[in-house]
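Q: Provide a 3D model corresponding to the input given below.
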Amino acid sequence: MKLVLFQTSPGAEILPGALTGRGVVDLSLAVKKGYTPQLTMQGIIDDFDRLRSTLEKTARDESATPLVQVQLRPPLPRPGKILACIANYWEHAQREARPLNMFMKNPDAVGGPGDTIMLPEYTVPWMFMHEAELALVMRGPSKMVKAKDWQSAVFGYTCMIDVSAREEGRKTWPASPHTSWLGKSFDTFGPIGPCIATADEIKDPNDLVVRFWNDSQLRHNYNTDDMEHRVPELVEFATTVMTMNSGDLIACGTNHEGLGALQDGETVDIEIQNIGKMTLKVSDPLKRKWDRGVYMGADSTNPDAVKRHRPQ
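A: This is a model prediction of the structure:
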């Protein structure tokens, strides 16, 4: 299933739904609603095994509202935790895997389809860049999960844009040590969506195409098979450090080829195979301008960029 949160009009109640080929089917009568939309979705995750047959029947049999007549909201509006990988893709003639590492991203950074990425009125000489990533939606409580048991802890998958502040004009990796938390945690710097694709929708999370467009120009275009540390290892690492609860997220990192600046007035799209596509706007109250070139080496629209640096 593809689970969503949606509104039928601005200011209307946020409801749980199923995204289908016919549109969005309201699931609110089939689930227990929480005090907040986040708690509603966490309840669905926790109770999904019992609810599944009812939800699937509702999604199949009930009438659907065309997608153009609803507003999708972030499927997890306020995750308890967002863990994000630092780097994690073979790139730039690299021959050895870097140590696995993660950072915490502000849960209030979350936005969703149709929202606006707001660049901060912050005077540090940074530029703000897109990083298109696969994110794991966790089922918990999960602690000390071994890599071989990773599927017990992953409920599903969503798309995430890890918006990142980087030193202005910087064209080489690694990032400034100040950017992994501070530069990635401004409000609106973690859009997710358009849905949560449940685990059964994805045969292999390490074989998905991730694409990102900036004003219709394809920037990111890579396969998750290029991860240095693959999904089972990410789950083991994260749950060794901390308990991952239902609705927490692990962002799997990005291939930095194709990276570029985000700036005022642009429209961006992220799409991950078998999950979906969402569109957002970019706004900058300071109207800053940066070169629109590619900043991290080679342009990933080159078909050789996919897997070209993987060790043989």
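Q: Give the buried residues for the longest helix seen in the chain.
A: For the chain, the longest helix by residue count, based on DSSP state H, is helix 48-61. Neighbour-count burial for helix 48-61 flags 48, 51, 55, 58, 59 (criterion: 16 or more other CB atoms under 10 Å). To be clear about C-beta, it is placed using only N, CA and C from the backbone, and glycine gets the same treatment.
Q: swap in stretch 118-134?
A: By neighbour count with 16+ other CB under 10 Å, stretch 118-134 contains the buried residues 118, 119, 120, 126, 127, 128, 129, 130, 131, 132, 133, 134.
Q: which residue sits closest to the fourth one in space, ignoring its chain neighbours?
A: In other words, residue 126. The spatial neighbour of residue 126 that comes closest, neighbours along the chain excluded (CB to CB, 6 or more residues apart in numbering), is residue 165 at 4.0 Å.
Q: ok but that neighbour is inside a helix, no?
A: No: Residue 165 sits outside any helix when classified using DSSP: H, G, I helix; E, B strand; the rest coil, being strand.
Q: How is the most centrally placed residue in the chain assigned, secondary-structure-wise?
A: With the centre of the chain defined as its mean C-alpha position, the nearest residue by CA atoms, centre = their mean is residue 160, 1.7 Å away. For residue 160, the reduced secondary structure class is strand; criterion used: three-state DSSP.
Q: circling back: reformat the buried residues of stretch 118-134 into a markdown table and put distance to residue 291 next to each item.
A: Conversion of these to a markdown table gives the following (distance: CB to CB, whole Å):
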| residue | distance to residue 291 |
| --- | --- |
| 118 | 21 |
| 119 | 16 |
| 120 | 20 |
| 126 | 14 |
| 127 | 9 |
| 128 | 13 |
| 129 | 12 |
| 130 | 15 |
| 131 | 18 |
| 132 | 20 |
| 133 | 23 |
| 134 | 28 |
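Q: So which of those residues sit within strands?
A: The strands, defined by DSSP state E, take in 118, 126, 127, 128, 129, 132, 133, 134 from the buried residues of stretch 118-134.
Q: how close does the fifth one get to residue 40?
A: When CB to CB, to the nearest Å is the yardstick, residue 129 and residue 40 sit 33 Å from each other.
Q: can you pull out the helices in the stretch 101-250 of the chain?
A: 231-241 (DSSP state H, counting those that start in this stretch).
Q: Tell me where it has strands.
A: Secondary structure of the stretch 101-250 of the chain (DSSP state E, counting those that start in this stretch): strands located at 102-105, 110-111, 116-118, 126-129, 132-138, 154-161, 164-167, 190-198, 209-214, 217-223, 249-251.
Q: picking that back up, so which of the buried residues of helix 48-61 is the closest to residue 182?
A: When those are compared for distance to residue 182 (CB to CB), residue 48 comes out closest, at 35.4 Å.
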